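# here are the coordinates; sequence isn't available:
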Ligand code: GRG
């Protein structure tokens, strides 16, 4: 059967954007500057990959993408918050994101910090206000918490204080990057009614995809990031590793057969992006 991945991805972005637009406070609600900063961070041209994977996992399970909406919105909110905080002067100190001034440059540091806090909090409101999605609150809290996303960020920031090893790099990538992809795949499958082995396969897909994604990102950056896979392997080795991880992701979602076409497509697209 023919499938149009580009259309699925652009439909996914529209679907999650519409949902987020309805659920985030309007800019006219006070404090206006906070709500404007939150919307500025969310609606700024992100690729919406995590929602696409969430929807793709629902499709793999034979459900409509709409089944996964609360989780797709929640994971994008956590992603948006993490980027706002990552750009702050006390972290990466970036002035530009997605071709625009970063949130703290545009709204001031305190407002950007608080907008990030509010986006993170809103993610849990999205899950908790849907009976079907409420059981995912603990899972997202774990993925975003000290053992995963935040822990990975802490070790990334403290990177210079140790010897770079393969194990250390992968440990940061698993937490900083793969955790939200794992949640996306698992949550999409869970909301589509999956359990047991099938969920484990989605978890495996998210883990392998997340590691491959970060490896390709490191190759794109040519090792500019401190915690880059290029600290511990050559570009050719990194390209081979990315391809192996994509193969692992494809194998993990093969139990869903043709219904896994979105997951298969996004994973194969990573190999196509290899510099
Ligand atoms: C502040 C808790 C906290 C965590 C920050 C997101 C992050 C962790 C750091 C940003 C830098 C980085 C290299 C993160 C790894 C994940 C990654 C490559 C994010 C970019 O994801 P895309 O390409 O971004 O999906 P868009 O802009 O398309 O949404």
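Sure thing, it's come through. Computed from a predicted structure; not experimentally measured. Residues are numbered from 1 along each chain as shown.

# Which parts of the stretch 51-200 of the chain are strands?
According to DSSP state E, counting those that start in this stretch, the stretch 51-200 of the chain carries its strands in the segments 96-97, 100-101.

# would you turn those into CSV with mean neighbour count?
In this view, the C-beta of every residue, glycine as well, is placed from N, C-alpha and C. Listed next are the strands of the stretch 51-200 of the chain as CSV, based on neighbours: other Cβ atoms under 10 Å:
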stretch, mean neighbour count
strand 96-97, 14
strand 100-101, 14
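
# got TSV for the ones you listed, with mean pLDDT and distance to the ligand too?
Output for the strands of the stretch 51-200 of the chain, formatted as TSV (pLDDT from 0 to 100; distance: least, Cβ to the nearest ligand atom, whole Å):
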stretch	mean pLDDT	distance to the ligand
strand 96-97	98	7
strand 100-101	98	11
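
# which stretch among these comes nearest residue 28?
strand 100-101 (21.9 Å; Cβ to Cβ).

# May I see the buried residues of the strand or helix carrying residue 203?
Assigned by DSSP states H and E, residue 203 falls within helix 196-221. Buried residues in helix 196-221, defined by neighbour count with 16 or more other Cβ atoms under 10 Å: 198-199, 201-219.

# any idea which helix or strand comes after it?
Next element after helix 196-221 (DSSP H and E): helix 235-253.

# Tell me which helix or strand comes right after that next one.
helix 261-272.

# Could you tell me which other helices and strands that following helix packs against?
helix 5-23, helix 49-60, helix 196-221, helix 235-253 (3 or more Cβ pairs under 8 Å, 6 or more residues apart in numbering; DSSP states H and E).
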